[in-house]
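Peer 1: Below are the sequence and a predicted model for it; my questions follow.
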Amino acid sequence: MNSATATQAGETPTRAIALLALASFVSAANLRICDPLLPQIAGELGITVGSAAAVVTGFAVAYGLAQIVVGPLGDARGKLVMVVLGSLWAGVATMFCAAMPSLEPIVLFRFLGGAGAAAVIPLAMAWIGDVIAYERRQPVLARFLSGQILGIVFGQAAGGVLGELIGWRWTMVLLGVGHFGAGLLLLAEMRRVPAGRSAAGRARWRQAAASAYGLLQRPWVRVVVASVFVEGLAMFGAFAYVGAELHQRFGIGLGLVGAVLGAYGAGALLYVLLAGTLVARLGQPGLAAWGSVLVAVGYVALVFVPWLWLLPPAIALKGLGFYMLHNTLQTNATQMAPEARGLAVSLFAFGLFTGQSVGVALAAPIMDRYGARPVFLVAAATILAVAFWFRRQLLRRAIAAGGA
């Protein structure tokens, strides 16, 4: 019996998962930290918010593109090893970003930081998939997600507050230190965790490319990757501009903007607390459908509700709904190719963050010319469409499996 199987049959490696959640916290915070800071960055550099959004796009593009590399490296060298190296790399790049004088080098180091952070969450998910049996995996993944969700809360809420207190540059320095700390703690933990270890080997790039092509020939892999691409495009292509919209429409400071955006994380944490119950009662098709409805309601409220005090609950609904949908997609991603789980989850992350990058870029000229409201309405309609399509595919797959 190998170590992964032994772990699946025995205890959950709780401390290792907790440290992976910590690394995911910093990675997610780095991903979302610029959302509330866009007005400050734009003001300091003398550019529009749409132009400043390149700091968001640069990180997300690198995060997506790097999945082509980190998946095969994780399968060959060890997933935990790559999480450690990615955390340290992201820490260096993020601290250099803070010292850059103009938009172009800032975007360059955001790009490099995204390339390092790319290894953290997908390979952590893949490692959990290696050591936790499928029937127990969705609630464990949901608990692991608490680190990612708290990172989003920190990035959005504390990001705005820190931006007002110490400026966006020192905020980046703090994130870089956080990446280093998480990486070093995981490095120490690796020495005592036998589960899911891979014998070090070479990453065979031609074989990896052929494997990726082969995976994408499977209809279910295409369904999951296409769904998460559109989900990322709709959800985060619009969400990157929520902070700027609140700042412009209501004239509130970055600290309050961050506090309002933090409601998203509160809704997401509610999902973590309720995940076991929701999975049991709704099943995966129900989670996908009802999650998309909540996201759409949240975006429509941002368009039509004129009172600021009602917007935190609307944003919390988006957090709850998004993770109902996204955790369902994640769980399917960890099982769509068990023999190459690192590569499969990396393809999934590539779809998510490529979609996010495309969404932010497509929305930028609309934001500068018409404001965020048209972007929010399109996002609501798109998330409904892709979630109900995915729900239909889940039901077809269940019927096919039952008849086999």
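Peer 2: Ah, there it is.
Peer 1: rest of the way, CA atoms for contacts and neighbours
Peer 2: OK.
Peer 1: Quickly note the distance from residue 75 to residue 206.
Peer 2: According to C-alpha to C-alpha, to the nearest Å, residue 75 stands 14 Å off from residue 206.
Peer 1: and what of residue 93?
Peer 2: Applying C-alpha to C-alpha to residue 93 and residue 206 gives a distance of 29 Å.
Peer 1: Show me which of these two is the more surrounded one.
Peer 2: residue 93 (24 against 9; other C-alpha atoms under 10 Å).
Peer 1: How about the contacts made by the more buried one?
Peer 2: For residue 93, the contact set (C-alpha atoms under 8 Å, 6 or more residues apart in numbering) comprises 109, 110, 112, 113, 176.
Peer 1: need those residues in CSV with distance to residue 43, neighbour count and pLDDT, can you?
Peer 2: Output for the contacts of residue 93, formatted as CSV (distance: C-alpha to C-alpha, whole Å; neighbours: other C-alpha atoms under 10 Å; pLDDT from 0 to 100):
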residue, distance to residue 43, neighbour count, pLDDT
109, 20, 24, 95
110, 18, 31, 95
112, 24, 24, 95
113, 23, 32, 94
176, 23, 27, 94
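Peer 1: From those, which land in helices?
Peer 2: 109, 110, 112, 113, 176 (DSSP state H).
Peer 1: now the residues you listed as a markdown table including distance to residue 60?
Peer 2: Conversion of the ones in helices among the contacts of residue 93 to a markdown table gives the following (distance: C-alpha to C-alpha, whole Å):
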| residue | distance to residue 60 |
| --- | --- |
| 109 | 12 |
| 110 | 9 |
| 112 | 10 |
| 113 | 10 |
| 176 | 17 |
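Peer 1: Name the nearest of the residues you listed relative to residue 211.
Peer 2: Checking the ones in helices among the contacts of residue 93 against residue 211 with C-alpha to C-alpha, the nearest one is residue 112 at 26.1 Å.
Peer 1: was I right about that closest one contacting residue 62?
Peer 2: Yes: between residue 112 and residue 62 there is a contact under C-alpha atoms under 8 Å: 6.9 Å.
Peer 1: What is the end-to-end distance of stretch 249-260?
Peer 2: Distance across stretch 249-260, first residue to last, is 14 Å (C-alpha to C-alpha).
Peer 1: Tell me which residues of stretch 215-226 come out buried.
Peer 2: Residues of stretch 215-226 classed as buried under the neighbour-count rule (16 or more other C-alpha atoms under 10 Å) are 215, 216, 220, 221, 222, 223, 224, 225, 226.
Peer 1: same check, this time on stretch 371-387
Peer 2: Here stretch 371-387 shows 371-373, 375-387 as buried, counting by 16+ other C-alpha under 10 Å.
Peer 1: Next, give me the two most distant ones among those.
Peer 2: Of all pairs in these, the most separated under C-alpha to C-alpha is 371 and 387 at 25.9 Å.
Peer 1: List the contacts of residue 236.
Peer 2: 356, 359, 360.
Peer 1: Give the burial count for the first one, as a bare number.
Peer 2: Residue 356 sits with 30 neighbouring residues when counted by other C-alpha under 10 Å.
Peer 1: and the next element down the chain from the helix or strand encompassing it?
Peer 2: Here residue 356, judged by DSSP states H and E, is contained in helix 341-370. Once the chain leaves helix 341-370, the next helix or strand it forms, by DSSP H and E, is helix 373-403.
Peer 1: Show me what that following helix packs onto, helices and strands only.
Peer 2: If you count contacts as 3 or more C-alpha pairs under 8 Å, 6 or more residues apart in numbering; DSSP states H and E, helix 373-403 packs onto helix 219-239, helix 254-304, helix 341-370.
Peer 1: between the last one and helix 373-403, how many degrees?
Peer 2: Relative orientation of helix 341-370 with respect to helix 373-403: 150 degrees, computed using axes from the mean of the first three to the mean of the last three C-alpha atoms, to 10 degrees.
Peer 1: quick one, what contacts residue 349?
Peer 2: Taking C-alpha under 8 Å, 6+ apart as the test, what residue 349 contacts is 64, 67, 122.
Peer 1: got it, and residue 296?
Peer 2: By C-alpha under 8 Å, 6+ apart, the residues touching residue 296 are 318, 379, 380, 381, 383, 384.
Peer 1: Quick check: the farthest pair among the residues you listed?
Peer 2: The most widely separated members of those, counting by C-alpha to C-alpha, are 318 and 381 (13.6 Å).
Peer 1: Ignoring the adjacent residues along the chain, who's closest to residue 372?
Peer 2: Leaving aside its chain neighbours, residue 372 sits nearest to residue 245 (6.2 Å; criterion: C-alpha to C-alpha, 6 or more residues apart in numbering).
Peer 1: The one you found: helix or strand, and which one exactly?
Peer 2: Following DSSP H and E, the helix or strand that holds residue 245 is helix 242-250.
Peer 1: so what does that helix touch, helix or strand wise?
Peer 2: helix 34-45, helix 254-304.
Peer 1: which ones are touching the closest residue to residue 121 other than its chain neighbours?
Peer 2: Taking C-alpha to C-alpha, 6+ apart, and ignoring the residues beside it in sequence, residue 121 has residue 24 as its nearest neighbour in space, at 5.6 Å. Listed by C-alpha under 8 Å, 6+ apart, the contact set of residue 24 reads 120, 121, 147, 148, 151.
Peer 1: can you name the two of the residues you listed that are farthest apart?
Peer 2: Farthest apart among the contacts of residue 24 by C-alpha to C-alpha are 120 and 151. That separation is 12.8 Å.
Peer 1: got any residues that touch both of these two?
Peer 2: In contact with both residue 120 and residue 151: 24, 27, using C-alpha under 8 Å, 6+ apart.
Peer 1: Pull out the buried residues from stretch 267-284.
Peer 2: For stretch 267-284, using 16+ other C-alpha under 10 Å, the buried residues are 267, 268, 269, 270, 271, 272, 275, 278, 279, 284.
Peer 1: what's in contact with that stretch?
Peer 2: By C-alpha under 8 Å, 6+ apart, the list of residues contacting stretch 267-284 reads 139, 142-143, 145-146, 149-150, 287, 315-324, 328, 391, 394.
Peer 1: Okay, residue 363 and residue 235: tell me how far apart.
Peer 2: 12 Å.
Peer 1: Read off the pLDDT value for the nearest residue to residue 308 once chain neighbours are set aside.
Peer 2: Nearest in space to residue 308, with sequence neighbours left out and distances taken as C-alpha to C-alpha, 6+ apart, is residue 250 at 7.4 Å. pLDDT for residue 250: 90.
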